[in-house]
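J.: Mind looking at a prediction? Sequence and model below.
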Amino acid sequence: MITASRMRLALPLALFLALLLTGASCGWSESGTEREGGGARAADGEVTVRLVTHDSFAATEELLERFRAKTGIRIEIVPSGDAGELVNKAVLTKGRPLGHVLFGVDNTFLSRALAEEVFDAYESPALVYVDDDYQLDRQHRVTPVDHGEVCINFDLRRYPGEPRPPASLAELTEPVYRDQLVVQNPATSSPGLAFLLATIERFGEPGWERYWSELRANGVEITAGWEEAYNGSFSAGGGGGSRPLVVSYASSPPAAVVFSEDPKAPATTAALEDGCFRQIEFAGVLKGTEHPQEAREVIDFLLSEEFQADMPLNMFVFPVREGVELPPVFEQHAARPADVIEMAPERIEANRERWVKRWTELMTE
């Protein structure tokens, strides 16, 4: 939760003047909520803003239509793979972007996107409602939109008493959990990379290498992606798998409840709160867009109370905006670890290829 002392109480002068000049056409207010009387742009007509994003993006259609009616901006969703693919495509099309706004680059690939200068800087007025801990780029080339923690999930039905579920990352190497864990390949999976980074931060170098060697000896299974791991190998994923431990998200347990055949039935999964790695997703105005003002309004919209409240049950992520009420199913079933593992994006960028290469040697040779 943000305290008042951490809020920026005044906008930069340049931004204040820009808001004065563009205020008449802006349909979303400085606080990220709808402005009365916004209306569509009579002179310019409707503008389409292409939102280049990952394949998991989802939003309530009614909310997008309300934004369109208020501002005259139609948001066209352009799915473009996972976080790594998003960045690669943005770099390859730099100067002639595939869209106007990019959403979905996370902190594991952030430094590369910033180094390649694919974004125009924009400091949204709604950032006063976002904790500084989420604002990793002080030049505001990207804006934090949501966060989610990558955590070990376990099948509650497989641990009714003894053995109990593991309480720490270290316990995953114990013989009692042999042949029970499934993880994703960090070379091909975002949660797989996040879990690798968590182990590197927790056990250090070369301790993380010993840890993964012990996981291998303990029968860890590796899949290419989350879908194969969770809905294939995980015993609570619905795919007939046999493994009761899987790398997933702190928000996966509420998703399992929402999508179960009987949402009123007891929860079948929970998340281990030790060793959770924080992923933050960002949005940015793509450099070279022909609609920079409208793109900024979309950034403001992504931070609005309405959109932030819409995210949890559509993308199963946590809002970054202060004061947004979580759905009851999140309050009841999502893990909220007190201590999360974080790593500076610059360190990730400097070492990611080396770490993934070494992991591949350890786990496949």
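T.: In hand now; what should we look at?
J.: So which residues of the stretch 51-200 of the chain form strands?
T.: With DSSP state E, counting those that start in this stretch, the ranges of strands along the stretch 51-200 of the chain come out as 73-79, 101-106, 119-120, 143-155, 181-184.
J.: What strands flank the third one, and is each parallel or antiparallel?
T.: Translated: strand 119-120. If you go by DSSP bridges, strand 119-120 pairs up with strand 277-286 (antiparallel).
J.: Heading C-terminal from the strand it pairs with, find the next helix or strand.
T.: Using DSSP states H and E, the helix or strand that follows strand 277-286 in sequence is helix 292-302.
J.: Would you mind giving the strands of the stretch 51-200 of the chain as a markdown table with mean neighbour count added?
T.: Bear in mind the C-beta positions are built from the backbone N, C-alpha and C, glycine included. Below are those laid out as a markdown table (neighbours: other CB atoms under 10 Å):
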| stretch | mean neighbour count |
| --- | --- |
| strand 73-79 | 17 |
| strand 101-106 | 27 |
| strand 119-120 | 21 |
| strand 143-155 | 25 |
| strand 181-184 | 26 |
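J.: would you list those in TSV and tack on distance to residue 338 and mean pLDDT?
T.: Output for the strands of the stretch 51-200 of the chain, formatted as TSV (distance: least, CB to CB, whole Å; pLDDT from 0 to 100):
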stretch	distance to residue 338	mean pLDDT
strand 73-79	35	97
strand 101-106	22	96
strand 119-120	33	97
strand 143-155	11	98
strand 181-184	23	97
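J.: care to break the protein down by domain?
T.: Annotated domains of the chain cover 4-147+279-329, 149-277+336-364 [automatic domain parsing].
J.: ok so, going back, tabulate the strands of the stretch 51-200 of the chain (CSV), appending distance to residue 233.
T.: Formatted as CSV, the strands of the stretch 51-200 of the chain follow (distance: least, CB to CB, whole Å):
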stretch, distance to residue 233
strand 73-79, 26
strand 101-106, 24
strand 119-120, 37
strand 143-155, 11
strand 181-184, 4
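J.: Quick one: closest of these to residue 359.
T.: Nearest to residue 359 among the strands of the stretch 51-200 of the chain is strand 181-184 (10.5 Å), distances taken as CB to CB.
J.: picking up where we left off before, out of the domains of the chain, which gets the lowest mean score?
T.: Note on the domains of the chain: lowest mean pLDDT is at domain 4-147+279-329, with a mean of 83.
J.: Name the residues of stretch 160-174 that come out as buried.
T.: Buried positions in stretch 160-174, judged by neighbour count with 16 or more other CB atoms under 10 Å: 165-166, 169, 171-173.
J.: any residues touching it, and which ones?
T.: Applying CB atoms under 8 Å, 6 or more residues apart in numbering, the set of residues contacting stretch 160-174 from outside is 152, 154, 156, 159, 176-177, 181, 198-199, 202, 211, 214-215, 217-218, 245, 270, 272, 274-275.
J.: hmm, which of those are the buried ones?
T.: Of the members of the contacts of stretch 160-174, the ones counted as buried by neighbours, 16+ other CB under 10 Å, are 152, 154, 156, 159, 177, 181, 198-199, 202, 211, 215, 218, 245, 270, 272, 274-275.
J.: can you pull the contacts of the residue nearest in space to the middle of the chain?
T.: The chain has residue 281 as the residue nearest its centroid, 4.1 Å off, counting by CA atoms, centre = their mean. Going by CB under 8 Å, 6+ apart, residue 281 touches 83, 103-106, 144-148, 317.
J.: Repeat the analysis, applying 10 Å as the threshold.
T.: 53-54, 56-57, 83, 103-107, 110, 134, 142, 144-148, 302, 311, 315, 317, 320 (CB atoms under 10 Å, 6 or more residues apart in numbering).
J.: thinking again about what came up before, same list (the buried residues of stretch 160-174) but as a markdown table, adding distance to residue 47.
T.: Listed next are these as a markdown table, based on distance: CB to CB, whole Å:
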| residue | distance to residue 47 |
| --- | --- |
| 165 | 51 |
| 166 | 51 |
| 169 | 48 |
| 171 | 54 |
| 172 | 51 |
| 173 | 55 |
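J.: Nearest to residue 328 among these?
T.: Relative to residue 328, the closest of the buried residues of stretch 160-174 is residue 165; by CB to CB it sits at 24.0 Å.
J.: Now do the phi/psi pair for that closest one.
T.: phi -70, psi 150 (degrees, to the nearest 10).
J.: before we move on, back to that, and which of the buried residues of stretch 160-174 is nearest to residue 365?
T.: Comparing these against residue 365 with CB to CB places residue 173 closest, at 19.4 Å.
J.: what's the spacing between that closest one and residue 86?
T.: 34 Å (CB to CB, to the nearest Å).
J.: Check the contact between residue 280 and residue 147; I expect there is one.
T.: Yes. Using CB atoms under 10 Å, residue 280 is in contact with residue 147, at 4.7 Å.
J.: shared neighbours of these two, which are they?
T.: Common neighbours of residue 280 and residue 147 (CB under 10 Å, 6+ apart) are 106-107, 133-134, 317-318, 320.
J.: how about those residues in JSON lines, adding distance to residue 73?
T.: What follows is these, written out as JSON lines (distance: CB to CB, whole Å):
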{"residue": "106", "distance to residue 73": "25"}
{"residue": "107", "distance to residue 73": "28"}
{"residue": "133", "distance to residue 73": "30"}
{"residue": "134", "distance to residue 73": "25"}
{"residue": "317", "distance to residue 73": "23"}
{"residue": "318", "distance to residue 73": "26"}
{"residue": "320", "distance to residue 73": "22"}
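J.: Over to residue 217: give its phi and psi.
T.: Residue 217 has phi and psi values of phi -70, psi -20 when expressed as degrees, to the nearest 10.
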